[in-house]
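*Asks:* Below are the sequence and a predicted model for it; my questions follow.
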Amino acid sequence: MNAASGFSMRQIIVDLNISADEYLKHYQRVASMVETVSRDGLRVQFPTGILQRFVTREGVHGTFVIYFDDNNKFQRIERLEP
């Protein structure tokens, strides 16, 4: 429980390996979603746009923690350091 905000923050960890071309195809579609499986085996889906700040010329690669509230509403995403 986050005492300051009064609600708990849930999280999932995902490993992503999306090429630049594949990301661009997703991003150009309206309401495009990334579908993957979290490290704990949950099938997850989230808007492609939340990855925008992590895109490089090689695409999006790495391990990410996605935080969401009790209503499954996206709160933030962070990249874990290698």
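*Replies:* Sure, I can see it. Numbers count the residues shown, from 1 in each chain.
*Asks:* Go through stretch 67-82 and flag the buried ones.
*Replies:* Phe68, Ile77 (16 or more other CB atoms under 10 Å). All C-beta spots, glycine's among them, are computed from the backbone N, C-alpha and C.
*Asks:* Helices along this structure, start to end?
*Replies:* When assigned using DSSP state H, the helices of the chain occupy the ranges 20-28.
*Asks:* Mind giving me the packing neighbours of the lowest-mean-pLDDT helix or strand in the chain?
*Replies:* Within the chain, confidence by mean pLDDT, DSSP states H and E is lowest for helix 20-28 among all helices and strands, at a mean of 85. When contacts are defined as 3 or more CB pairs under 8 Å, 6 or more residues apart in numbering; DSSP states H and E, helix 20-28 sits against strand 59-68.
*Asks:* And the residue nearest the centre of this structure?
*Replies:* Nearest to the centroid of the C-alpha atoms of the chain, with distances taken as CA atoms, centre = their mean, sits Ile66, at 5.1 Å.
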